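> coords below, sequence missing:
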């Protein structure tokens, strides 16, 4: 027999989280860091991965998931079941949202920001920014490169 807590937990995994509505990532970018952290810990709606890939980066979902080191079968299952991502899966998606926002500010163009994230970068050993966002050091390096570009310093 399922306890109330178990039933509530299962329901929350299927309830609408961030990503359930089109362009929710824009709302996420405007949130304060504490609210963003809460969203990440609670888990974003899995569909946000598909929307980020298609709408923000103009890449196939599989490319996004591979770049972030996320198992495609798990994420696709969560999307089809309208479930939420885990905290760690949401954190990787959040890194893409943060970097994409910073890149759009630096390049003053959303299309150029997406293109920059998809392009191999010598400062990243020939990898794309997207391919190194699966780790904190990679994320930090991409932020540093964008800061250097913004201030006209060689990356």
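Structure's in. What do you need? Because the structure is a prediction, the values reported are computed rather than measured.
> tell me, how many neighbours does residue 61 end up with?
Residues within reach of residue 61, counting by other Cβ atoms under 10 Å, total 19. Placement of C-beta: from N, CA and C, glycine included.
> mind checking how far the closest residue to it other than its chain neighbours is from residue 38?
Nearest residue to residue 61, sequence neighbours excluded (Cβ to Cβ, 6 or more residues apart in numbering): residue 53, at 4.5 Å. Distance, residue 53 to residue 38, by Cβ to Cβ, to the nearest Å: 24 Å.
> So for those two, which sits in the more crowded spot?
residue 53 (21 against 12).
> Let me see the contact set for that one.
Residues near residue 53 by Cβ atoms under 8 Å, 6 or more residues apart in numbering: 59-61, 63-64.
> Residue 67 now?
Neighbours of residue 67 in contact, by Cβ under 8 Å, 6+ apart: 128, 130-131, 133-134.
> Of those - the most surrounded one?
residue 130 (27 neighbours).
> was I right about that residue contacting residue 118?
Yes - between residue 130 and residue 118 there is a contact at 6.5 Å, judged by Cβ atoms under 8 Å.
> which secondary structure elements does the one helix or strand residue 95 maps to contact?
Using DSSP states H and E, residue 95 falls within helix 87-107. Packing contacts for helix 87-107, counted by 3 or more Cβ pairs under 8 Å, 6 or more residues apart in numbering; DSSP states H and E, involve helix 24-30, helix 33-42, helix 61-68, helix 110-118, helix 129-132, helix 136-150.
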